[in-house]
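>>> what shape does this take:
(2 chains)
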Amino acid sequence: MSHLTADQLSALLDGELKGPARERAEDHLAACEACRDALGNLAANDASLGRALTHDPGEEYFAGFADRVSGRIKDLGRPKPVVRTDPLTRFLSRPRNLVVWGSAAALVVAAGVVFLAARDASHDVMRNPALERATSQTAPPPAASTPPAPAAVPAPSEADTRAERAPAPLSEAAPAPESKVTAPATPERAASPARAMRVQKNEAGEDVAVEPRQKALARPPAPVAQAPAAENPIVALKRKLAAQPLAGERGAAAPGASTPATQGFAVPPKPADESAGKTLADFEGAAEAGGSRAPRRGGERDRDAARAGRGARRERRARGCRHDARACGRARHPGRRCEVRRS
Amino acid sequence: MNAARERSPYVEPGEEAALVQAAQTGDQAAFAEIVRCYQRPIHRVAYGLTRNASDADDLAQETFVRAWQAIGRFRVGEPLYPWLSRIAVNLAFSLHRRRKRRPEESIEPHTDAGRQWGVEDDPADHAETNERDRQIESAFGELKPEHQAVLALRAVEDLSYDEISRVLNVPIGTVMSRLSRARAELKERLKGRTGESG
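Presented below is the predicted three-dimensional model:
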């Protein structure tokens, strides 16, 4: 036999147990002494409580009570007029509602701020120039012989890739490629045309600007079908230098129309088979032996170019680019693939 | 509801509505009549929640002052007593919170001031009853404010669950469960004080 619960006893004491529930409780009480005792104890406590909490201040107190209240409200003036407000205003006028919903709104906003801050934190690290510089000073550049995984390779925009492939020193021989790029490269890149160069001594003891990481790449240039590889500036330079060895005579040799793949660029066209099959070593040899994209007017200009090239390389390393400068030159960007590597 | 009506038998519903309407227009005499009608029950609630004659006086007066300020928002036709009791209970809760933050010794001693012996009372019985009442009053004071309120409205004012639910603005089921828990807790605290098996 289960006893009556505290709720049942309490409701029974207060006469709030109705219908069959009350009948069952009374039947149980008739048979259960423990529940009768419990109910009696509750009743005794209520009676004691009623006595303990009752206080009669006397008739005199109540005789003057209304006057005391009237004296207080007299100073307050008329009561506020009846103002029927809309439900929203009534809702907002309750401090409890304001606290509850204000807290909920604050939590939502705080969660959103935390989420956005956490999301931007990783990007900020990559974008922070100071961090990028620090990273470039401490982290050694990866070996070109171990190209990164394709999934991690950035995918530069076509315009940017073209801008990178366009030989900056050719600006003297051909119309400046950057000027026709629909989406120009970053200002740093545009301002450092010799960034892909480094200075070496040739056989004659002269300083020449060469492509710094050309030797490290153990792969041939991109196939002919890929327009950017077919228009390798070194090949074009080599061809031009063979025809016009003097810098002053090179200016007149403006090429014709561009290929469809390089539409919009002033890259000198050439037969596709001209660069096909050539290795980077060939290009390097051509650069060292014959020509130089930088003019040979003293070492000062070459030193400036080399300095700019070092700065550009450092910048690329800071951006996470692990490819050859001419092949990619783009900042490594998560989630994007390098078109050059993919090809 | 019935209990409230029984406690103010001289206020008929129509008369009460007329008094409220007059008070809403600024008639202080009409409001004074309302005060006279409900001063005793409101004072009982105030004393039950404060257990102190001085605090009860302040609380009862403040209840009617607040009612005067807010009578413009009162809907004519609604019973006045639950509304007044709710004001008193809320003021008592505020007083509890203030006292909790800043405890202060009550000036009014918790004696049986105002309670008078009957001629037929046996002093020995009275002392025993008085001791038990003192203990239960002390145990009552240790309950949560919402438990105190529901117990006071039930044990002192003898309000029904429906009336208590309107005064406290909680569902009837909440009133039932709160009363049950309040009684159980009171019993436990009394047991701890007196050693009764209870």
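
>>> for the rest of this, base every contact and every neighbour count on C-alpha atoms.
Fine.

>>> which ones are touching residue A:4?
A:25, A:28, A:35 (C-alpha atoms under 8 Å, 6 or more residues apart in numbering or on different chains).

>>> can you do 7 Å?
residue A:35 (C-alpha atoms under 7 Å, 6 or more residues apart in numbering or on different chains).

>>> give me the local confidence score for it.
Residue A:4 is assigned 88 on the pLDDT scale.

>>> and chain B, which residues reach chain A?
Counting by C-alpha under 7 Å from any C-alpha of the partner chain, chain B comes close to chain A at B:24, B:26, B:32, B:35-36, B:44, B:47-48, B:51, B:61, B:64-65, B:68-73, B:114-115, B:133-134, B:136-137, B:155-156, B:176-177, B:180, B:198.

>>> give me the buried entries from those.
Buried members of the residues of chain B next to chain A, counted by 16 or more other C-alpha atoms under 10 Å in any protein chain shown: B:24, B:26, B:32, B:35-36, B:44, B:47-48, B:51, B:61, B:64-65, B:68-69, B:71-73, B:133-134, B:136-137, B:155-156, B:176-177, B:180.

>>> ok so, going back, now, which of the residues of chain B next to chain A lie within helices?
B:24, B:32, B:35-36, B:44, B:47-48, B:61, B:64-65, B:68-70, B:133-134, B:136-137, B:155, B:176-177, B:180 (DSSP state H).

>>> report the longest helix in chain A, please.
helix A:95-127.

>>> so is residue A:208 in a helix, a strand, or just coil?
Look at residue A:208: counting by DSSP: H, G, I helix; E, B strand; the rest coil, its state is strand.

>>> go on, residue A:56?
Under three-state DSSP, the three-state class of residue A:56 is coil.

>>> show the pLDDT at it.
At residue A:56, the pLDDT value in this model is 86.

>>> likewise for residue A:228?
Looking at residue A:228, its pLDDT stands at 50.

>>> low-confidence bits of chain B, can you list those?
B:1-11, B:102-126, B:195-198 (pLDDT under 70).

>>> need the contact list for the residue nearest the centre of it.
Nearest residue to the geometric centre of chain B (C-alpha atoms, centre = their mean): residue B:45, 1.5 Å. Contacts for residue B:45 (C-alpha under 7 Å, 6+ apart) come out as B:152-153.

>>> quick check: residues of chain A near chain B?
So chain A meets chain B at A:6-7, A:10-11, A:41, A:46, A:48-57, A:66, A:69-70, A:73, A:78-83 (C-alpha under 7 Å from any C-alpha).

>>> could you list which of the residues you listed belong to helices?
Going by DSSP H, the helices hold A:6-7, A:10-11, A:41, A:46, A:48-52, A:66, A:69-70, A:73 from the residues of chain A next to chain B.

>>> for residue B:160, grab phi and psi.
Phi and psi for residue B:160, reported as degrees, to the nearest 10, are phi -80, psi 170.

>>> err, residue A:64, not the other one
Dihedral angles for residue A:64 - degrees, to the nearest 10 - are phi -100, psi 0.

>>> list the buried residues of stretch A:62-70.
A:62, A:65-66, A:69-70.

>>> what sits up against that stretch?
For stretch A:62-70, using C-alpha under 7 Å, 6+ apart, the contacting residues are B:32, B:35-36, B:61, B:64-65.

>>> can I get it as PDB, trimmed to CA atoms?
Below are the C-alpha coordinates for stretch A:62-70, written out as PDB (Å, rounded to 0.1, in the frame of the first residue of the first chain):
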ATOM      1  CA  PHE A  62      -7.000  50.900  12.000                       C
ATOM      2  CA  ALA A  63      -9.100  53.900  12.800                       C
ATOM      3  CA  GLY A  64      -6.300  56.200  11.800                       C
ATOM      4  CA  PHE A  65      -4.800  54.000   9.100                       C
ATOM      5  CA  ALA A  66      -6.800  55.400   6.200                       C
ATOM      6  CA  ASP A  67      -6.000  58.900   7.200                       C
ATOM      7  CA  ARG A  68      -2.300  58.200   7.300                       C
ATOM      8  CA  VAL A  69      -2.500  56.700   3.900                       C
ATOM      9  CA  SER A  70      -4.500  59.700   2.700                       C
END
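
>>> show the average pLDDT along it.
Stretch A:62-70 comes out at a mean pLDDT of 90.

>>> now the stretch 101-250 of chain A against chain B: closest residue?
residue A:101 (19.7 Å; C-alpha to the nearest C-alpha).

>>> list the helices and strands the strand or helix carrying residue A:37 packs on?
Per DSSP states H and E: residue A:37 is located in helix A:33-52. Packing partners of helix A:33-52 (3 or more C-alpha pairs under 7 Å, 6 or more residues apart in numbering or on different chains; DSSP states H and E): helix A:6-14, helix B:123-141, helix B:145-155.

>>> go through the ones you listed and name the closest to residue A:206.
With C-alpha to C-alpha as the criterion, residue A:206 lies closest to helix B:145-155 of those, at 95.9 Å.

>>> low-confidence stretches in the stretch 151-300 of chain A?
If you take pLDDT under 70 as the line, the stretch 151-300 of chain A has these spans: A:151-199, A:210-231, A:244-298.

>>> ok, 80 please
Applying pLDDT under 80 to the stretch 151-300 of chain A flags residues A:151-235, A:237-238, A:240-300.

>>> closest one of the buried residues of stretch A:62-70 to residue A:242?
Using C-alpha to C-alpha, residue A:69 is the member of these that sits closest to residue A:242, with 112.9 Å.

>>> distance of that closest one from residue A:32?
53 Å (C-alpha to C-alpha, to the nearest Å).

>>> residue B:140: neighbouring residues, count only.
28 (other C-alpha atoms under 10 Å in any protein chain shown).

>>> residues contacting it?
B:148, B:186.

>>> try it again with 8 Å
Residues near residue B:140 by C-alpha under 8 Å, 6+ apart: A:49, B:148, B:186.

>>> one more: residue B:19?
Contacts of residue B:19 by C-alpha under 8 Å, 6+ apart are B:30-31, B:33-34.

>>> most neighbours out of those, which is it?
When those are compared by neighbour count (other C-alpha under 10 Å), residue B:31 ends up highest, at 25 neighbours.

>>> that residue: what's its closest spatial neighbour, skipping adjacent residues?
In space, and not counting its chain neighbours, residue B:31 is closest to residue B:23: 5.3 Å by C-alpha to C-alpha, 6 or more residues apart in numbering or on different chains.

>>> do you know how far that neighbour is from residue A:12?
In terms of C-alpha to C-alpha, residue B:23 sits 41 Å off from residue A:12.

>>> between these two, tell me which one has more neighbours.
More neighbours surround residue B:23 than the other of residue B:23 and residue A:12, with 22 against 18 (other C-alpha under 10 Å).

>>> what is the burial count for residue A:22?
16.

>>> repeat for residue A:29
Neighbourhood size, residue A:29 [other C-alpha under 10 Å]: 18.

>>> how about the one 5 residues further on?
Residue A:34 is surrounded by 12 other residues when neighbours are defined as other C-alpha under 10 Å.

>>> next one: it from residue A:3, what distance?
Remark: distance between residue A:34 and residue A:3 (C-alpha to C-alpha) = 8 Å.

>>> with residue B:56 instead?
Residue B:56 is 40 Å from residue A:3, by C-alpha to C-alpha.
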